[in-house]
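Student: Got a sequence here, can you build the structure:
(one chain, ligands or ions: 2)
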Amino acid sequence: MSFITQIKTFAALGSGVIGSGWVARALAHGLDVIAWDPAPGAEAALRARIANAWPALEKAGLAPGASPDRLRFVATIEECVRDADFIQESAPERLDLKCELHAKISAAAKPNALIGSSTSGLLPSEFYADATHPERCVVGHPFNPVYLLPLVEVVGGAKTAPEAVQAAIQVYQSLGMRPLHVRKEVPGFIADRLLEALWREALHLVNDGVASTGEIDDAIRFGAGLRWSFMGTFLTYTLAGGNAGMRHFMAQFGPALQLPWTYLPAPELTDTLIDRVVEGTAEQQGSRSIAELERYRDDCLLAVLGAIKETKTKHGFAFAD
Ligand SMILES: NC(=O)C1=CN([C@@H]2O[C@H](COP(=O)(O)OP(=O)(O)OC[C@H]3O[C@@H](n4cnc5c(N)ncnc54)[C@H](O)[C@@H]3O)[C@@H](O)[C@H]2O)C=CC1
Ligand SMILES: C[N+](C)(C)CC(=O)CC(=O)[O-]
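Tutor: Ligands and ions are numbered 1, 2, ... in the order given. Have a look, this model is predicted:
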């Protein structure tokens, strides 16, 4: 079984926050991009998002010939995928919608074109149930902003060929990403399972009046968030065990896992909790627009990525290590 891995034309279905991020990444890598989204005004919104992301992509470095002009917005699913070498779906997170959409995409696509879905945690065996040639269908779960963050979780379903997973990994690498193969098909994959546990606890802290949304964000960004950008939880905690390392750390802090520090089940999303979260984050946002905050975030990410790359090189690590 062979799949297309040398890609020239990238198809994007759904051009919201994530779809537009894929389009920006593919354009920056010098590809032709064809996009489709059924919402009125979707093309203008997509082009505005690309324009907002482009300065960061220029700073990060564009491939020869890369240009936003190589984006073509089309009116049908079939037109979008027919000539594509690789297809990425970023439609709303609804199982019925994705199932129906993938039946149409896969019926119109070249049989050996890989099809990725950006789903945050739906199971590929379920939403690819009605797909034609399901052996080329994978999840490629990215992180926002897709055009700067390297991680993409790659997950196969029951009918996905192992070669398709490897081929998708190759394609995502060619787009400058750091694929992580999730070997078991589990809801939420790896990263969102972790992020959701943190998010639930954060909502409990707001709901219980322990902290505001801003204080909770401070607890992350001035502490663990800084070290998470270059060292994950397990290696960080190995260092927290001192010279005795992880075994000592487990002996000292493992028993605390039995203490009632975390709630785990999510709090009820009452109007009061939703208002508190919305009002707290509105105060954090202040008078800046989302586009301004996106540009601020992009500059911060470029600075962090650049500093990490330089420091890794100094210590003999490759960027993907
Ligand atoms: N927002 C995030 O932080 C992340 C989201 N994702 C995943 O990416 C996917 C898209 O999410 P977002 O971009 O955040 O949503 P979004 O709401 O920003 O964009 C969804 C887009 O899909 C379009 N759409 C509506 N019906 C459609 C259909 N039948 N076919 C194709 N497109 C359709 C909408 O017009 C909209 O432009 C979801 O599966 C989500 O779980 C993955 C990683 C992060
Ligand atoms: C909130 N979310 C589940 C959509 C988040 C993601 O899927 C990944 C991210 O970018 O945090």
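Student: What values do phi and psi take at Val186?
Tutor: phi -120, psi 150 (degrees, to the nearest 10).
Student: Around it, count how many other residues there are.
Tutor: 12 (other C-beta atoms under 10 Å). C-betas here are computed from N, CA, C, even on glycine.
Student: Ala211 contacts Leu203, doesn't it?
Tutor: No. Using C-beta atoms under 8 Å, Ala211 is not in contact with Leu203, being 11.1 Å away.
Student: Which residues of this protein lie near ligand 2?
Tutor: Within the chain, the positions lying close to ligand 2 (C-beta under 6 Å from any ligand atom) are Ser120, Phe143, Asn144, Asp192, Leu195.
Student: number of nearby residues for the second one?
Tutor: Which is Phe143. Using other C-beta under 10 Å, Phe143 has 18 neighbouring residues.
Student: Pull the contacting residues for it.
Tutor: Phe143 sits next to Leu149, Leu151, Val152, Ala191 when contact means C-beta atoms under 8 Å, 6 or more residues apart in numbering.
Student: Roughly how far does the first one sit from ligand 1?
Tutor: Spatial separation of Leu149 from ligand 1 under the definition C-beta to the nearest ligand atom, to the nearest Å is 10 Å.
Student: Please name the nearest non-neighbouring residue to that residue.
Tutor: Among residues not flanking Leu149 along the chain, Phe143 sits closest, at 4.2 Å (C-beta to C-beta, 6 or more residues apart in numbering).
Student: For that neighbour, which three-state class applies?
Tutor: coil (DSSP: H, G, I helix; E, B strand; the rest coil).
Student: any idea how far Glu310 is from Ala303?
Tutor: For Glu310, the distance to Ala303 equals 11 Å [C-beta to C-beta, to the nearest Å].
Student: Buried residues in the longest helix anywhere in the chain, which are they?
Tutor: Criterion DSSP state H: the longest helix present in the chain is helix 290-314. Across helix 290-314, burial judged by 16 or more other C-beta atoms under 10 Å covers Glu294, Arg295, Asp298, Leu301, Leu302, Leu305.
Student: from memory the first one sits against Leu148, does it?
Tutor: No. Proximity of Glu294 to Leu148 does not meet the contact threshold set by C-beta under 8 Å, at 10.3 Å.
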